[in-house]
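K.L.:
only the shape, not the letters, is given here:
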């Protein structure tokens, strides 16, 4: 009976660098049964994140790499359709680390969020109200500590995290500068996300345009790329600047780390701080962050874009596509 | 009349990289006269710091470079021998930015410290109780925030700053590791400054020895060198590590910054922080830091070494000598 079978995406081989479609395999398998205390979730949306590269690489990371043959780790949003736990009732919409699969039997500890503001679409709980928005909220406000009048520069300003960073910074009275790739994303940054400047790193005049936008220096650099983009940005740090290391999307392989201009002298001379963070450490911040973000979305103060792929067959190539810059906005896969 | 003439060291030409003896010139000049509100100081000790390289280079730094023909900027300790200011009386011992010269006429705003604990030698006010000790105190305690049981690694562990960092860390219950150059300094680190490990970066087994000492990782890296030493240290950062950027002694020239392995991934994966500071920003910390240090020195809890050169003629080569590692302990020039 077809109802007892579902599809899932497993890791077929270990990528070095950016995971490609060929590193995954789509399998059919029996729908899992929830154990005592577990719930069964039917996923509606699977999430695609740049961070997934790190979850797959064998080199040192903040979590154990997904094993060969295991279901690809991912955030997902879905509905509880069977429950062996008294606190979680059938019909509840939830998000959490449910993996790239159509159904997941999980302990409730894996659930990040009970979707209790049903006026906002479920998909937003994986993007602007989910890990991306909360990453922007925590990173900018808790690590960056922006003050009105400061200048905030975001690499990947059109992205799911960067676009929210720019908009929160604007709400805090900062001047905002986006770095992004291509005319479409540049327009999106200026017109939809309200950046004061948006600079296309693919254009020949990138360095000159950045110099122009940064003529008063940068107080916060929210870095999602590392690499050549960061090398161009670092000389513009103001005294007391904060560099928030959120992602390293422009560097294909960190084993071994590639060479770049040393940063120590910038940090010393500018009395600046460079700090990495992983939002998964800050679950106690999720509810606060989500509440702010939901309010701002409802009030029309924060805008977002989604890039929804249809069907689990799109999953294997979806991470590589992110790194190619194929997507406009938060990339999701609709499966339910 | 010889009493009206003194000697001073002026900048003869702009160094690129490390200042050598040939970049300076010793001049004879009339002893300056204090204006209204000023005091005349007879210097006893002139200070020599690695940071002086930065005060001389044309490339971006935290202070305006010393001009050609100007007296070399430096800390010094001396005695007020004439006063046109009611709050500063003749006979008071003081430290401050009095320059590489035998006499200085200055505004009292240039004075950092009134030497009011005369049981400790005046020279200590330029080293362990001066800018070096206070740099160690502020950097380790305020930026590093050490907790008992953590591991603190210091590059230049035998130096005027590094030796104090190691000893304060030990007082806070940390495990301490020094990187230093040569057997003599290594012994000094172990026997006098009480480091748990001291590793000679000049030896072939440096990498293996470091790996052994760092087998539990590093929570605080107090970095005075940058360069190849830091590249070897960074992979040992623990989750939540703090890297304090205090100096960049091992890099001869920062214009342009030399290449090194990128640090962003270490900072991200380890949720680590890298922060530069300049102690001159933190004058409000001097009195607190000095009081702690004076107490620890009196109680025999903090040891120090001095390397005193005799006479102002030693000044021109003294910075280059620091970078050659000629000195054991805080380098000073006795002029009075």
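P.N.:
Okay, I see it. Quick caveat, the model's predicted, so the values are computed rather than measured. Numbering: from 1, shown residues only, chains lettered A, B, ... in the order given.
K.L.:
could I get the contacting residues of residue A:285?
P.N.:
Shown in contact with residue A:285 (C-beta atoms under 8 Å, 6 or more residues apart in numbering or on different chains): A:134, A:137, A:138, A:142, A:279. To be clear about C-beta, it is placed using only N, CA and C from the backbone, and glycine gets the same treatment.
K.L.:
how many neighbours does the third one have?
P.N.:
By that I understand residue A:138. 21 (other C-beta atoms under 10 Å in any protein chain shown).
K.L.:
before we move on, the earlier item: which of the contacts of residue A:285 lies closest to residue A:334?
P.N.:
Closest approach to residue A:334 among the contacts of residue A:285 (C-beta to C-beta): residue A:134, at 21.8 Å.
K.L.:
ok, now which ones touch the closest one?
P.N.:
Contacts of residue A:134 were listed using C-beta under 8 Å, 6+ apart, and they are A:279, A:285, A:286, A:289, A:290, A:293.
K.L.:
helix or strand right after the one helix or strand it maps to?
P.N.:
Using DSSP states H and E, the element containing residue A:134 is helix A:131-138. Per DSSP H and E, the first helix or strand lying C-terminal to helix A:131-138 is strand A:151-155.
K.L.:
just checking: what are the partner strands of that next one?
P.N.:
Strand A:151-155 has its sheet partners listed here by DSSP bridges as strand A:175-180 (parallel), strand A:218-223 (parallel).
K.L.:
of these, which approaches residue A:111 most closely?
P.N.:
Proximity to residue A:111 (C-beta to C-beta) singles out strand A:218-223 among the strands paired with strand A:151-155, at 28.5 Å.
K.L.:
off-centre distance for that closest one?
P.N.:
18 Å (C-alpha atoms, centre = their mean, to the nearest Å).
K.L.:
go on, stretch A:297-306?
P.N.:
Stretch A:297-306 sits 16 Å away from the centroid of its parent chain (C-alpha atoms, centre = their mean).
K.L.:
out of the contacts of residue A:285, which is nearest to chain B?
P.N.:
For the contacts of residue A:285, the closest approach to chain B (C-beta to the nearest C-beta) belongs to residue A:279, at 10.3 Å.
K.L.:
how many other residues sit next to the closest residue to that closest one other than its chain neighbours?
P.N.:
Excluding its sequence neighbours, the residue lying closest to residue A:279 (C-beta to C-beta, 6 or more residues apart in numbering or on different chains) is residue A:135, at 4.5 Å. Residues lying near residue A:135 (other C-beta under 10 Å) number 29.
K.L.:
same question for residue A:208.
P.N.:
Residues contacting residue A:208 under the criterion other C-beta under 10 Å number 11.
K.L.:
and the helix or strand hosting it, what's buried?
P.N.:
Taking DSSP H and E as the criterion, the element that holds residue A:208 is helix A:206-213. Using 16 or more other C-beta atoms under 10 Å in any protein chain shown as the test for burial, helix A:206-213 gives A:206, A:209, A:210, A:213.
K.L.:
please apply the same query to stretch A:208-228.
P.N.:
A:209-210, A:213-214, A:218-227.
K.L.:
what's opposite the residue lying closest to residue A:309 once chain neighbours are set aside in the beta bridge?
P.N.:
Leaving aside its chain neighbours, residue A:309 sits nearest to residue A:333 (4.8 Å; criterion: C-beta to C-beta, 6+ apart). Going by DSSP bridges, residue A:333 is paired in beta bridges with residue A:46, residue A:309.
K.L.:
ok so, going back, reformat the contacts of residue A:285 as a markdown table; add distance to residue A:99 and pLDDT.
P.N.:
Shown next, in a markdown table, are these (distance: C-beta to C-beta, whole Å; pLDDT from 0 to 100):
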| residue | distance to residue A:99 | pLDDT |
| --- | --- | --- |
| A:134 | 20 | 97 |
| A:137 | 25 | 98 |
| A:138 | 24 | 98 |
| A:142 | 29 | 98 |
| A:279 | 18 | 95 |
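K.L.:
closest to residue A:169 among those?
P.N.:
Taking the contacts of residue A:285 together and measuring to residue A:169 by C-beta to C-beta, the closest member is residue A:137, at 11.0 Å.
K.L.:
re earlier: among the contacts of residue A:134, who's most crowded?
P.N.:
Tallying neighbours with other C-beta under 10 Å puts residue A:293 at the head of those, with 27 neighbours.
K.L.:
circling back to that earlier point, got a markdown table for the strands paired with strand A:151-155, with mean pLDDT too?
P.N.:
Formatted as a markdown table, those follow (pLDDT from 0 to 100):
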| stretch | mean pLDDT |
| --- | --- |
| strand A:175-180 | 98 |
| strand A:218-223 | 98 |
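K.L.:
for those strands, which one sits closest to residue B:305?
P.N.:
Among these, the nearest to residue B:305 by C-beta to C-beta is strand A:218-223 (40.4 Å).
K.L.:
which residues does that closest one contact?
P.N.:
Outside strand A:218-223, the residues that reach it (C-beta under 8 Å, 6+ apart) are A:136, A:139-140, A:144, A:146-147, A:150-155, A:162, A:165, A:169, A:174, A:177, A:230, A:233-234, A:236-238, A:240-247, B:264.
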